[in-house]
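Participant: Sequence and computational prediction follow.
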Amino acid sequence: MYTINKMTRRLALIIALCMGVASQAQTAFYSGVSTVGGGVVNSNPSVLHNLSDGSGSLYIWVTDQERVNQSFALNSISDTSGVIAFTGATVYNPNIIGPVNRWTGVSSGGTSANSVMNFNAVAVTNATGIDPANGVLDDLYDTISDAFLFARLDYNIIGLGTTNLSLSEGSTLIVDGGAQVPFSFGSAQITVVPEPNTILFVSTAAVLWGTSRRRRTSVH
């Protein structure tokens, strides 16, 4: 009986630990919000552009209950060509306290029209990484959403249509204390539509063409 109870307690402890790990929110997500206190929320945004907007940006925020003190790397991929073309990523590296920054070094990764691959940061020496314990000292930590602003993705608008963006782990991984950290990743959708004046012109032209056609038909 003692052995069974001991095993039961151990099993309960393991389950509790697993539930604790599962409850820790580690997420990287897109947002149109670029500022702390700007109302950022963990969601999958839908962004609407007019073709004349020319360019745009999305921001990557991270919620993390574990300190990421070695590397943090992401990919961003657009699934439809001809709507936007990525122009690059900027990984932020705020000062935490004194000579200490969030990261030892940052990299913008590799950019193509449809992807930005492995934009990343490392915290090896004299850096904190993304550490909830230092949240109040990090200028890019939003207390309401419990999220850290990690990077900005820039793109040009090149055509009409809709494309879906997805985040994934970069090739240099997300690592804490030598172990890979499990993360969940958000998505976003970008839709580019014609100018309102263009839509009005086409609609007016269609109405006029229909009216003219009916008049010609009635004459005959």
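Facilitator: Structure received.
Participant: distance of residue 47 from residue 110?
Facilitator: 23 Å (CB to CB, to the nearest Å). The C-beta positions use only the backbone N, C-alpha and C, and glycine is treated the same way.
Participant: gap between the two ends of stretch 136-155?
Facilitator: Its first and final residues considered, stretch 136-155 spans 31 Å by CA to CA, to the nearest Å.
Participant: least trustworthy helix or strand in the protein by mean pLDDT?
Facilitator: Taking mean pLDDT, DSSP states H and E as the measure, the helices and strands of the chain show their lowest mean at helix 2-23, namely a mean of 39.
Participant: Each with direction, which strands does the next helix or strand after that one pair with?
Facilitator: Downstream of helix 2-23, the first helix or strand assigned by DSSP states H and E is strand 27-31. Here the strand partners of strand 27-31, with direction, are listed using DSSP bridges: strand 55-63 (antiparallel), strand 184-185 (parallel).
Participant: what comes into contact with strand 27-31?
Facilitator: Under the contact criterion CB atoms under 8 Å, 6 or more residues apart in numbering, strand 27-31 has outside partners 40-45, 58-64, 74, 150, 165, 167, 183-188.
Participant: Pull out the buried members of those residues.
Facilitator: Neighbour-count burial (16 or more other CB atoms under 10 Å) is assigned, among the contacts of strand 27-31, to 40, 42, 45, 58-64, 74, 150, 165, 167, 183, 185-188.
Participant: Correct me if wrong: residue 90 contacts residue 150.
Facilitator: No: under the criterion of CB atoms under 8 Å, residue 90 lies out of contact with residue 150, with a separation of 10.0 Å.
Participant: Which residue is the nearest non-sequential neighbour of residue 193?
Facilitator: Spatial nearest neighbour of residue 193, chain neighbours left out: residue 50 (6.3 Å); criterion: CB to CB, 6 or more residues apart in numbering.
Participant: Run through the bridge partners of the residue nearest the centre of the chain.
Facilitator: Closest residue to the average C-alpha location of the chain: residue 30 at 2.6 Å, with CA atoms, centre = their mean. Note on residue 30: beta-bridge partners by DSSP bridges are residue 60.
Participant: Would you state the predicted confidence (pLDDT) at it?
Facilitator: Here, the pLDDT recorded for residue 30 equals 98.
Participant: so where's the protein shaky on pLDDT?
Facilitator: Where the chain drops to pLDDT under 70, the residues are 1-24, 197-220.
Participant: ok, which stretches of it are helices?
Facilitator: 2-23, 196-219 (DSSP state H).
Participant: Residue 149: what's it in contact with?
Facilitator: 34, 36, 40, 59-61, 92, 140-142.
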